[in-house]
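> just need the structure, nothing else, for what follows:
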Amino acid sequence: MIDLEREGAVARIFLNRPQKVNALTSPLLLQLLNSMEEIKSDPRLRVVVLGGRGKAFCGGADVEELSALDASSAGAFVEKIHLACKAIRSLPVPVVARLHGAVIGAGLELAAACDLRIAAEGTRFSMPEARLGIPSVVEAALLPRLMGSGRAAWLVLTGEEIDARRAMEWGLIEELCPAQALEERLWILLTSLQAADREALRVQKQLLQLWDEAPLPASVARSVELFAEVIARRAPSAAG
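This next block holds a predicted model:
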């Protein structure tokens, strides 16, 4: 249900349950988590792509598993979604979401956990949980940081979908392209990311997340520390 492909310094991870619109089940989420664990320590790794097989990126949490949840199992299921998103954010290299078709619910949370998002024209985005009688939780908390609080509220309160052009205008995605050009535009982005210095890129990802989460003084102080550490590692040793 998860495909992991390696292309030199690039790892591609695909949700592979196309007959169910790549809906997320507990086993699929565990496999996704294991894939992240498998690649995170590879020193060759420069960038990761997260995509979906078939006609859509991800249709959200599996409806059958959702309908079977009760008070004793609900927390454990959404915790699996959180752990998968956390694993994406914890990868030491940039993660690019390759989006097409539909990006719904927990699938949108996976995309939000990535560092960059590129989408094909015609892609639809929604957070319909409130219409299903449940709140949007866990990494839905990333949406206000990406889009602003009002636009995130519009998504999670109305449950209505937005198209890719509005997602681009709202800051939910960083690039929009024709569907037939998605792979070409993705490769241009991957080439750009790989042109950056390996260590600097990894440190920059750490800082981006810190800037999201920490107060400004702490962010600036840690930025100074990391800058000095990078410079020190680059300086020639006293022994020459």
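> other SSEs contacting the helix ranked longest in the chain?
Using DSSP state H to define each element, the chain has its longest helix at helix 216-234. Helix 216-234 makes packing contacts with helix 198-213 when contacts are defined by 3 or more Cβ pairs under 8 Å, 6 or more residues apart in numbering; DSSP states H and E. C-beta here means a position set from N, CA and C on the backbone, and glycine is covered the same way.
> which helices and strands does the helix it packs on pack with?
helix 216-234.
> who's in contact with the helix it packs on?
E199, A200, V203, Q206, L207, L210, W211, A214 (Cβ atoms under 8 Å, 6 or more residues apart in numbering).
> list the buried residues for that helix?
Of the residues in helix 216-234, L226, V230 count as buried by neighbour count, 16 or more other Cβ atoms under 10 Å.
> that helix to helix 198-213, inter-axis angle?
Interaxial angle, helix 216-234 versus helix 198-213 (axes from the mean of the first three to the mean of the last three Cα atoms, to 10 degrees): 170 degrees.
> count of residues packed around A141?
14 (other Cβ atoms under 10 Å).
> also the one 4 residues further on?
When neighbours are counted by other Cβ under 10 Å, R145 registers 14.
> got it, and the one 4 residues further on?
Here the neighbour count serves as a burial measure; for S149 (other Cβ under 10 Å) it reads 10.
> check E7 too.
With other Cβ under 10 Å as criterion, E7 counts 10.
> which residues does it bridge with?
V10 (DSSP bridges).
> could the contacts of helix 216-234 go into a markdown table alongside neighbour count, pLDDT and distance to L4?
Shown next, in a markdown table, are the contacts of helix 216-234 (neighbours: other Cβ atoms under 10 Å; pLDDT from 0 to 100; distance: Cβ to Cβ, whole Å):
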| residue | neighbour count | pLDDT | distance to L4 |
| --- | --- | --- | --- |
| E199 | 13 | 92 | 24 |
| A200 | 13 | 93 | 26 |
| V203 | 17 | 94 | 26 |
| Q206 | 13 | 93 | 24 |
| L207 | 16 | 94 | 28 |
| L210 | 15 | 92 | 28 |
| W211 | 15 | 92 | 30 |
| A214 | 14 | 89 | 32 |
